[in-house]
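> My questions are about this predicted structure, shown below with the sequence.
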Amino acid sequence: MEEPNLSYIESMSGGDIAFEQKLIDIIKEEFPQEKQVYFDNINSDNFKNAAENVHKLKHKISILSLEKSYIVAVDYENSLLEQHKDGKEAFESILQRMTEFLETL
Amino acid sequence: MKCIIVDDEATARTIIGQLCSTVNDLDVLEEFPNAIQAIKYLNQNEIDLIFLDIHMPDFTGFDFIETLKNPPRIILTTSDPSFAIQAFEYDCIVDYLVKPITPQRFQKAIQKAKTALVKSSPDKSVSAQPESSAGNDLYVNIDRRLIKIDIPSIYLIEAKGDYINIKTEDKNYVVHSTLKKIEDKLPDEVFLKVHRSFIINFNKIIDIEDNSVLIKKDVVPVSRSNRPELMRRLNLL
C-alpha cells in the first residue's frame, strides 16, 4: 500500500526548511477542516458538494505524493457527480492514512 | 511583473507564493481566497499577472475572467486538466498549470507570461519574424510570408531533418524549425511529445495500441520514455 511522504514538498522547497514547515503547518490546519466538510456533505447525501470537497482534497493527496490514491479520488469524485458512492470506502481510507501521517509531523 | 494569487485553498496560495519567490522580477502584491475580493482589488490596482484557480465555490475562475474589462495576463491553476480547451477561448490566458505544480513547469509558465507581456507592451520592439501569438494562433514563416495556423486544428507535428511538418485539419505546413521550438509554443495540456520526432494533439487521438497512437490516418510511434506520461494523461475507465 502506498504511503504518504514529503518528496513533493521537498522537491519544490529548494531546501528551504522553514518553508517546508510552514507548508506542513498550513496543511495540518486546512486538511482537517476540508475533511470535516466532506464528511458533513457525504453523510447528508449532498453529492455535488461532496464531489467539490473531494476535488479540493485531491490537491493535498497529490502534495503528499499519493499518486495511486489520486486516481482513486478522481474516480470517486466522478462517482459522486453521478450520484453514487462507489469508491467511498477506499477514499476515506486514504483520508485516514493522510491523517495518521500528518500527526507524525 | 506585479502579480496576485487567487485561490480558495491556503496550501495552494502558499505553494504558488513560494514558487514566485524564486523568480527575480516577480512580485506577489496580494493573495485572495476568493474572486470577489480580487475583483475589488483590481478595481483600484493595476497588475501584470494573475495566478487564478478555476475551481472555487460560488464564483469560478472563468466567471471571474468574464467580469474583467481589461484582464491582465492570467495563468490558470487547477487540479482538473479537462478545462484546458475552455481556457483556449480567452486571449488573456497564457498558460494552464495542473496541480501539484512543479518548479520546472512553473518556470515555463513564467516565461510564457513574460513573452506575452512583451508582445502586448505598446513600446515593444517589433520582431522581424514573430512566430507565435498568445492565443489560439501560431504564425510560421514560409517563403517570407507569416502564415497563421489555428493551434487547435493541429493534430500532428513531425520532425524531418531541419524541418518540421505541421499537419492540420485542412492542410500541411513544412516549416524550417525544430520540434523543440514549436513544443515551447504549444499548450502542454493539449500537445504531447510522444517520440523524439513527433508531437501529437492529445484531443485528436483515435486509439492507442502498445507502442503507437492512431491520429487521423497517421500511426505515430510512442517511445518507451514518453509512454508513462501518455498513459498518465489518459482518462482510463
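The structure has been received and is ready for your questions. Numbers count the residues shown, from 1 in each chain, chains lettered A, B, ... in the order given.

> What is the least confident helix or strand in the chain?
Went with chain A since none was named. In chain A, no helix or strand scores lower on mean pLDDT, DSSP states H and E than helix A:7-13, which sits at a mean of 92.

> I was after chain B.
Of chain B's SSEs (mean pLDDT, DSSP H and E), minimum confidence goes to helix B:84-87, a mean of 72.

> Neighbouring strands - and their directions - for the next helix or strand after it?
Using DSSP states H and E, the helix or strand that follows helix B:84-87 in sequence is strand B:93-98. Within its sheet, strand B:93-98 is paired with strand B:73-78 (parallel), according to DSSP bridges.

> mind checking pLDDT for the residue of chain B found nearest chain A?
Nearest to chain A, among the residues of chain B, is residue B:100, at 4.6 Å (C-beta to the nearest C-beta). C-beta here means a position set from N, CA and C on the backbone, and glycine is covered the same way. Looking at residue B:100, its pLDDT reads 91.

> got the contact list for it?
By C-beta atoms under 8 Å, 6 or more residues apart in numbering or on different chains, residue B:100 lies in contact with A:8, A:12, A:59, A:62-63, B:15.

> Check residue A:72 too.
A:87, A:90-91, A:94.

> how far away is it from chain B?
Separation of residue A:72 from chain B (C-beta to the nearest C-beta, to the nearest Å) stands at 13 Å.

> Ok, residue A:98 next?
Taking C-beta to the nearest C-beta, one finds residue A:98 at 13 Å from chain B.

> Packing partners of the least confident helix or strand of chain A?
Secondary-structure packing of helix A:7-13 (3 or more C-beta pairs under 8 Å, 6 or more residues apart in numbering or on different chains; DSSP states H and E): helix A:17-43, helix A:47-63, helix B:10-21.

> Name the member of the contacts of residue A:72 with the most neighbours.
Most neighbours among those, by other C-beta atoms under 10 Å in any protein chain shown: residue A:91, with 24 neighbours.

> Can you lay out the helices and strands packed on helix A:7-13 as CSV showing distance to residue B:190?
Below are the helices and strands packed on helix A:7-13 laid out as CSV (distance: least, C-beta to C-beta, whole Å):
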stretch, distance to residue B:190
helix A:17-43, 30
helix A:47-63, 21
helix B:10-21, 22
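
> okay, those helices in CSV with mean pLDDT next?
Below are the helices and strands packed on helix A:7-13 laid out as CSV (pLDDT from 0 to 100):
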stretch, mean pLDDT
helix A:17-43, 96
helix A:47-63, 95
helix B:10-21, 95
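
> Tell me which of those sits nearest to residue B:60.
Closest to residue B:60 of the helices and strands packed on helix A:7-13, according to C-beta to C-beta: helix A:47-63, at 11.0 Å.

> from the chain's centre, how far out does the closest one sit?
7 Å (C-alpha atoms, centre = their mean, to the nearest Å).

> the inter-axis angle of it versus helix B:10-21?
Here helix A:47-63 runs at an angle of 40 degrees relative to helix B:10-21 (axes from the mean of the first three to the mean of the last three C-alpha atoms, to 10 degrees).
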